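1. coordinates for the following, if possible.
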Amino acid sequence: MRSLNQKETSAVLIMLYFIAFIGVFAVDFYLPAIPGIAKEFKVDASTIDLTMSIYTFTFALGHLIVGSASDYFGRKITFEIGLIISIIGTFFCMMSNNFLELFVSRGIQGFGLSCFVLTNAIIRDVFCNELAVKIRISRNLVAYFLIAVAPSIGVIVLKFSNWRMIFALFLFFSILIFIYVRFFGIETNNNLSRSFNIINTLKQYTKIVSNGAFMRYASITTLGYSVHFCFVTISSALLVNQMKLHPSVYGACMFAYGVFFLTGAVIAMVMVKRVSMQRLLSFGGILIAAGGFILIIANLTGVISLLYLSIAVLFCVLGISILTPGAITLAMTPFETQAGSASACLGVMQFAIAAIFSAIVSLEFEYNLIIIGSLAMITGLSASCFAKPALELLAV
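-> Numbering: from 1, shown residues only. Model (predicted):
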């Protein structure tokens with residue numbers, strides 16, 4: 001674990017927040033543009049939703065390279081290369097003239113932004129246990145704030161321009177972040193190796209996924225993220241197209257969604273100082289399961305209103321933001337010298353499975369809330385079941 005002075009620690013935290021920024025804005029800033037893109041390309045909004053799925057799928061695949069490469073060559077240079085690929089993909093997104101071009105370009109953009117996975121490795125390099133949880137929560141506070149404001153900013157941009165400006169602005173911010181990381185970023189990996197061996201890399205991945213503790217807690221974060229991403233993916237089609245909400249109301253709803261996440265992160269920040277990791281996981285699990293139960297009941301009884309949907313989403317989001325930082329920390333704990341590879345395995349699980357579920361809820365739109373509700377209940381029950389072994393892991 002690398003020791004940093006105050007200036008270096010500040011640089012690392014800024015880098016973490018920048019990574020959170022691009023990871024969130026690439027998804028949530030884009031959401032309000034989906035109906036307009038669908039109209040221009042003469043396809044259904046659910047078809048454009050598939051650009052979210054391909055983004056997440058290539059985002060997950062990139063983790064296989066990014067994580068292990070950062071263990072060998074360093075976090076900083078790996079992040080820079082990922083940003084360059086993302087900038088290229090974003091440019092072609094902006095220039096797309098049909099669904100296929102946008103679909104492929106979003107895939108390139110997602111592959112480049114797989115450098116987002118380095119946040120977990122960087123935190124593992126520098127911080128440990130409860131402090132690592134606190135840093136993850138602080139990073140999540142930034143991410144959740146951006147989740148709240150990004151769709152609203154997207155709505156404002158669309159009032160004065162078109163969907164291409166969304167990508168143009170993201171391109172501009174990506175270039176600025178690249179410049180900062182290139183000249184002011186800090187390398188946090190003290191165990192650099194200049195030899196990259198694919199066989200050794202595969203052996204590392206096999207060792208990591210064979211670890212029972214890793215798989216338990218990685219599964220919780222994977223299912224929790226799938227609940228979040230499925231809702232985000234269908235939010236535009238559900239709220240604007242099906243429920244006939246005005247785009248400005250949609251922006252307000254997504255702002256509230258981000259505020260729910262912020263609230264959960266604040267609660268987690270308070271709880272981590274006062275209760276055990278076991279109770280943190282159990283409490284988050286109960287909230288997610290309750291939200292999933294409400295979603296399923298509302299769908300089965302046909303009572304799908306903005307009020308019931310908001311209550312269910314509130315419970316789910318609070319639960320996800322409370323248990324995720326602890327679950328990720330527990331998954332990463334056994335891998336001090338393989339933080340990049342472990343982070344990559346976690347990312348592949350988290351985003352590939354989320355991409356699959358998001359594609360399912362887009363294609364099977366009629367049953368989307370039942371699918372999301374079921375995922376939420378499974379997540380909550382899993383978190384409650386795996387809470388007790390958390391004490392044993394932290395004691396090791």
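
2. other residues contacting stretch 124-132?
-> Stretch 124-132 is contacted by residues 1-2, 4, 9, 12, 75, 123, 135, 188-190, 272, 329, 332-333, 335-336, 339, 342-343, 394 when judged by CB atoms under 8 Å, 6 or more residues apart in numbering. From N, CA and C alone the C-beta is placed, and that goes for glycine too.

3. over to stretch 135-153?
-> Residues outside stretch 135-153 that contact it (CB under 8 Å, 6+ apart): 13, 16-17, 20-21, 23-25, 28-29, 31-32, 119, 123, 127, 250-252, 254-259, 261-262, 264-266, 268-269, 272, 321, 324-325, 328-329.

4. which among those end up buried?
-> With burial judged by 16 or more other CB atoms under 10 Å, the buried subset of the contacts of stretch 135-153 is 13, 16-17, 20-21, 23-25, 28-29, 31-32, 119, 123, 127, 250-251, 254-255, 257-259, 261-262, 264-265, 268-269, 272, 321, 324-325, 328-329.

5. how far does stretch 261-281 sit from its chain's centre?
-> How far stretch 261-281 lies from its chain's middle: 19 Å, per CA atoms, centre = their mean, to the nearest Å.

6. stretch 245-256 too?
-> 21 Å.

7. return the alpha-carbon coordinates of it using CSV.
-> Written as CSV, here are the backbone C-alpha positions of stretch 245-256 (Å, rounded to 0.1, in the frame of the first residue of the first chain):
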residue,chain,number,x,y,z
LEU,A,245,-44.7,12.8,-18.5
HIS,A,246,-43.3,16.1,-19.9
PRO,A,247,-39.5,16.0,-20.5
SER,A,248,-39.1,18.7,-17.8
VAL,A,249,-40.9,16.5,-15.3
TYR,A,250,-38.8,13.6,-16.4
GLY,A,251,-35.7,15.7,-15.6
ALA,A,252,-37.2,16.5,-12.2
CYS,A,253,-37.8,12.8,-11.6
MET,A,254,-34.2,11.9,-12.4
PHE,A,255,-33.0,14.7,-10.2
ALA,A,256,-35.0,13.1,-7.3
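
8. what lies in contact with it?
-> Under CB under 8 Å, 6+ apart, the answer for stretch 245-256 is 28, 31-32, 35, 147-152, 154-155, 158, 235-236, 239-240, 306, 310.

9. and those, which of them are buried?
-> Buried among the contacts of stretch 245-256 by 16+ other CB under 10 Å: 28, 31-32, 35, 147-152, 154-155, 158, 235-236, 239-240.

10. what about the residues you listed, which are in helices?
-> The helices, defined by DSSP state H, take in 28, 35, 147-152, 154-155, 158, 235-236 from the buried ones among the contacts of stretch 245-256.

11. now Ser210. Its backbone dihedrals?
-> Per-residue torsions, Ser210: phi -80, psi -10 (degrees, to the nearest 10).

12. where does pLDDT dip in the protein?
-> 1-4, 129-130, 191-198, 337, 340, 365-366, 387-396 (pLDDT under 70).

13. tell me which element Met165 falls in.
-> For Met165, the element it lies in under DSSP states H and E is helix 163-184.

14. how about stretch 297-313: buried residues?
-> Buried, per 16+ other CB under 10 Å, within stretch 297-313: Ala298, Asn299, Ile304, Tyr308, Leu309, Ile311, Ala312, Val313.

15. using PDB, write out every CA atom in stretch 360-374.
-> Presented in PDB, the C-alpha positions along stretch 360-374 are these (Å, rounded to 0.1, in the frame of the first residue of the first chain):
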ATOM      1  CA  ILE A 360     -33.900  -8.000 -21.400                       C
ATOM      2  CA  VAL A 361     -36.000  -5.200 -19.800                       C
ATOM      3  CA  SER A 362     -35.800  -3.100 -23.000                       C
ATOM      4  CA  LEU A 363     -36.900  -6.000 -25.200                       C
ATOM      5  CA  GLU A 364     -39.500  -7.400 -22.700                       C
ATOM      6  CA  PHE A 365     -40.800  -4.000 -21.800                       C
ATOM      7  CA  GLU A 366     -44.200  -5.300 -20.600                       C
ATOM      8  CA  TYR A 367     -42.600  -7.200 -17.700                       C
ATOM      9  CA  ASN A 368     -39.800  -4.700 -16.900                       C
ATOM     10  CA  LEU A 369     -40.900  -3.800 -13.400                       C
ATOM     11  CA  ILE A 370     -41.400  -7.400 -12.400                       C
ATOM     12  CA  ILE A 371     -37.900  -8.200 -13.600                       C
ATOM     13  CA  ILE A 372     -36.400  -5.200 -11.800                       C
ATOM     14  CA  GLY A 373     -38.400  -6.000  -8.600                       C
ATOM     15  CA  SER A 374     -37.300  -9.600  -8.600                       C
END
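
16. which residues touch that stretch?
-> By CB under 8 Å, 6+ apart, stretch 360-374 touches 46, 49-50, 52-53, 227, 230-231, 233-234, 237-238, 291-296, 298-300, 304, 312, 357.

17. can you select the buried ones from the residues you listed in ChimeraX?
-> Selection of buried members from the contacts of stretch 360-374 for ChimeraX, criterion 16+ other CB under 10 Å:
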select :46,49,50,52,53,227,230,231,233,234,237,238,291,292,293,294,295,296,298,299,304,312,357
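
18. assign Leu245 to helix, strand or coil.
-> coil (DSSP: H, G, I helix; E, B strand; the rest coil).

19. number of nearby residues for it?
-> Leu245: 17 surrounding residues under other CB atoms under 10 Å.

20. and Ala289, how far is that from Ile328?
-> 20 Å (CB to CB, to the nearest Å).

21. equivalent analysis for Ile122, please.
-> Distance of Ile122 to Ile328, computed by CB to CB: 13 Å.
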